[in-house]
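# sequence and predicted structure below; questions after.
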Amino acid sequence: MQYHRVIDPHFDIGLNMAEIKTNSAPKAPSYQFLFRLLAGFAAIATVLSTAYDDNPEKTLFVCLPVILAYLLCGQIFIRFTRLKRSTKYLILSRMDSVALGGLIAWINFDPLPSLLFIILLEFNAIISGGLKRVVSDSLLMVAGAVGLAFIQQPTFSLQSNWETSLAVLVALGIYFCIYALYSYSQAEGLKSRVDELEKMQVQFKLRNYRLSKYLSPTLGKAIQSGKDVKLETQRKKLTIFFSDIKGFSELTEEMEADALTELLNTYLTEMSEIALRYGATIDKFIGDAIMVFFGDPTSKGTKADAVAAVSMAVAMKKRMRELQLRWQNQGITKPLEIRMGINTGFCTVGNFGTENRLDYTLLGTEVNLASRLESAAEPGEILISHETYSLVKDVVMCRYNGEITAKGFQQPIPVYSVDDMRKNLGKDSSYLEHMTDGFSIYLDLDKIRRYDKERILTSLETAADKLRKKETF
């Protein structure tokens, strides 16, 4: 597959794999072909420069045709065989190493040209296959030189034939210059490609940031981990949470759309921040309703997930009290209350939908029960099922709230109302709230700053004095 595209109303990425492979870097030249061409040129020049030795006819009419035929056969082998390109050049490389060793022995191991031939071979081996290739080509070259030495029995001499050395030196220089030119063009190409990739990276980060706003961070991390996103589900024991604002529908008839939108966005932002702080996976927002769950894609254990869900609900309830005071200052006289329902049980969770459009969510009877608990809760109340209660009762103060009849369930459902976390109750309680007509108090000792303490005490004493004077009238 050469082309892949992901399209979403808020996310669009097109990736052409063929184009990336073509443009990512300049195409590398065939070093093996270049090496054979220049080595052949040097060999022919060597033959010509030594043609006026004791046996010129043998040099010109035997060695020269052999070299030309060898080079031609190599090109025919590359052109017409069906082997892989890498396999073809590997075979030729080994043959060239043996032939080059034989050539060194044929020129009687002339020091300077022999050294230049060796440098040419080793350099080509390094850029073509690294140290492993150097070892194999060197051994084959030695084998070729030894083999021809046994046949020809060369005469060793420390004096160099400068004509032969010059031919090899020219070939070596041309090879180095071509490689340097390619290296420069490759560096320039890679530099421009890096600049292009940096721009693409900025664009992808921006798109990823925008896309992340439509996904829970927990789910986003799971997707970015490299897991294949496909239609699949699994059964897992989860803790499900539902909440909504009591009387929100009536409020929509009283407020302007802009003010209502700002209020709702503020509420959802505050609640979602609390949910994420406790490790929840946000499933969806349905108007003023919120659905989250604990236990997938990551879980700390069934009990820890249930405790986190109830702790989150308590934190939301407290935060709602603060929001009520803010909204009252904005002219919303009717206090908004949230009701919450929590249940724990086995659900089917995963990707639902089609191959082109997926929705990560969960289904099952336990999900419906959590929704029924939320509907049955009183304003400001957190109702939990018996399954959740059995998991959190040691850390959460709950009271039995009787049984409810829920739609879709034949048997009555025992429910429990959450008061607070046990650590916040008793003589060391850090949280207090009370609201009635004409009076409301919200006290969270953990958030009160030391320099505000005296002012709060003065306000409470003033309120108490006024309340006492009112009683004497």
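Great, that's in hand.
# show me the strands in this structure, by range?
Remark: strands assigned in the chain by DSSP state E are 3-8, 11-16, 233-246, 281-286, 289-294, 337-353, 358-363, 382-385, 396-404, 413-421, 431-436, 439-444.
# nearest to residue 193, of those strands?
Closest to residue 193 of those is strand 11-16 (CB to CB; 14.6 Å). C-beta: built from backbone N, CA, C; applies to glycine.
# count the residues that sit near residue 412.
By other CB atoms under 10 Å, the residues close to residue 412 number 11.
# next one: phi and psi at the closest residue to residue 347 other than its chain neighbours?
Leaving aside its sequence neighbours, residue 347 sits nearest to residue 364 (CB to CB, 6 or more residues apart in numbering; 4.0 Å). Taking degrees, to the nearest 10, you get phi 140, psi 170 for the backbone angles of residue 364.
# my guess is residue 364 contacts residue 343. True?
No: assessed by CB atoms under 8 Å, residue 364 is found out of contact with residue 343, at 10.2 Å.
# more neighbours: which of these two?
Remark: of residue 364 and residue 343, residue 343 carries more neighbours, 31 against 16, as counted by other CB under 10 Å.
# roughly how far apart are that one and residue 291?
12 Å (CB to CB, to the nearest Å).
# find the residues that touch each one of the two.
Residues touching both residue 343 and residue 291 (CB atoms under 8 Å, 6 or more residues apart in numbering): residue 240.
# now for the closest residue to residue 350 other than its chain neighbours, how many residues are close by?
What sits nearest to residue 350 in space, not counting adjacent residues and going by CB to CB, 6+ apart, is residue 233, at 3.2 Å. Applying other CB under 10 Å, we find 15 residues neighbouring residue 233.
# ok, residue 233 touching residue 353?
No: using CB under 8 Å, residue 233 is not in contact with residue 353; the gap is 11.0 Å.
# which residues in this protein form helices?
17-23, 31-49, 56-58, 64-80, 85-106, 111-152, 162-212, 217-224, 248-254, 257-277, 302-329, 365-376, 386-392, 453-472 (DSSP state H).
# for the third one, what is the average pLDDT?
What that stands for is helix 56-58. Averaged across helix 56-58, the pLDDT comes to 55.
# now stretch 373-384
Here the average pLDDT along stretch 373-384 is 91.
# what's the spacing between the residue nearest to residue 350 and residue 342?
22 Å.
# next one: residue 183
Residue 183 sits 65 Å away from residue 342, going by CB to CB.
# so those two - more neighbours on which side?
Higher neighbour count among residue 183 and residue 342: residue 342, with 31 against 12, using other CB under 10 Å.
# now the end-to-end length of stretch 325-342.
Start and end residues of stretch 325-342 are separated by 26 Å (CA to CA, to the nearest Å).
# which stretches of the stretch 301-450 of the chain have low pLDDT?
Counting by pLDDT under 70, the stretch 301-450 of the chain contains low-confidence ranges at 333, 355, 425-437, 442, 444, 446-447.
# let's see that with 90 instead.
For the stretch 301-450 of the chain, applying pLDDT under 90 flags the ranges 318, 320-337, 348-364, 379-380, 393-402, 405-411, 419-450.
# again with the stretch 151-300 of the chain
Looking at the stretch 151-300 of the chain by pLDDT under 90, you get 151-235, 245-266, 276, 281-288, 296-300.
# can you do 80?
Residues of the stretch 151-300 of the chain meeting the criterion pLDDT under 80: 151-184, 207-233, 247, 249-255.
# residue 294 pairs with what?
residue 239 (DSSP bridges).
# what sits against it?
Contacts of residue 294 by CB under 8 Å, 6+ apart are 238-239, 241, 278-281, 305-306, 308-309.
# cool, and residue 376?
341, 383, 404, 406, 415.
# just confirm the second one contacts residue 374, I think it does.
Going back to what we said before, that points to residue 383. Yes: assessed by CB under 8 Å, residue 383 is found in contact with residue 374 at 7.3 Å.
# which residues do the two both contact?
Common neighbours of residue 383 and residue 374 (CB under 8 Å, 6+ apart) are 339-341.
# now neighbour count too, for these, in CSV please.
As requested, the shared contacts of residue 383 and residue 374 are exported to CSV (neighbours: other CB atoms under 10 Å):
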residue, neighbour count
339, 21
340, 27
341, 26
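# of all the residues you listed, which comes closest to residue 177?
Nearest to residue 177 out of the shared contacts of residue 383 and residue 374 is residue 340 (CB to CB; 77.0 Å).
# for residue 142, the count of nearby residues, please.
Look at residue 142: counted by other CB under 10 Å, it has 14 neighbours.
# for it, list the residues it contacts.
Applying CB under 8 Å, 6+ apart, the residues near residue 142 are residue 101.
# measure it to residue 89 for me?
For residue 142, the distance to residue 89 - CB to CB - is 21 Å.
# export the shared contacts of residue 383 and residue 374 to a markdown table and tack on distance to residue 299?
Listed next are those as a markdown table, based on distance: CB to CB, whole Å:
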| residue | distance to residue 299 |
| --- | --- |
| 339 | 26 |
| 340 | 21 |
| 341 | 21 |
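# follow-up on the earlier one: any idea how far the residue nearest to residue 347 is from residue 114?
The value you get for residue 364 to residue 114, if CB to CB is used, is 81 Å.
# ok so, going back, select from the contacts of residue 294 the one having the most neighbours.
Neighbour tally across the contacts of residue 294 (other CB under 10 Å): the maximum, 33 neighbours, falls on residue 239.
# can I assume residue 366 is in contact with residue 343?
Yes: assessed by CB under 8 Å, residue 366 is found in contact with residue 343 at 5.5 Å.
# shared neighbours, these two?
residue 240.
# now residue 105: closest residue in space that isn't a chain neighbour?
Using CB to CB, 6+ apart and skipping the chain neighbours, the partner closest in space to residue 105 is residue 148 (4.0 Å).
# whoops, I mixed them up, residue 285
Residue 285's closest residue in space is residue 268 (CB to CB, 6+ apart), at 5.9 Å.
# quick one, what contacts that neighbour?
285, 288, 290.
# tally of neighbours for the first one?
Put plainly, it is residue 285. Counted with other CB under 10 Å, residues neighbouring residue 285 total 14.
# so what's it bridging to?
Residues in beta-bridge contact with residue 285 (DSSP bridges): residue 290.
# quick one: it from residue 143, how far?
Counting by CB to CB, the gap from residue 285 to residue 143 is 76 Å.
# same question, residue 189
Counting by CB to CB, the gap from residue 189 to residue 143 is 39 Å.
# now swap in residue 87 and tell me
Taken as CB to CB, the span from residue 87 to residue 143 is 21 Å.
# which of those two has more neighbours?
residue 143 (15 against 10).
# tell me the spacing between that one and residue 97.
8 Å.
# one more: residue 75?
From residue 75 to residue 97 the distance is 18 Å (CB to CB).
# show me which of those two is the more surrounded one.
residue 97 (23 against 13).
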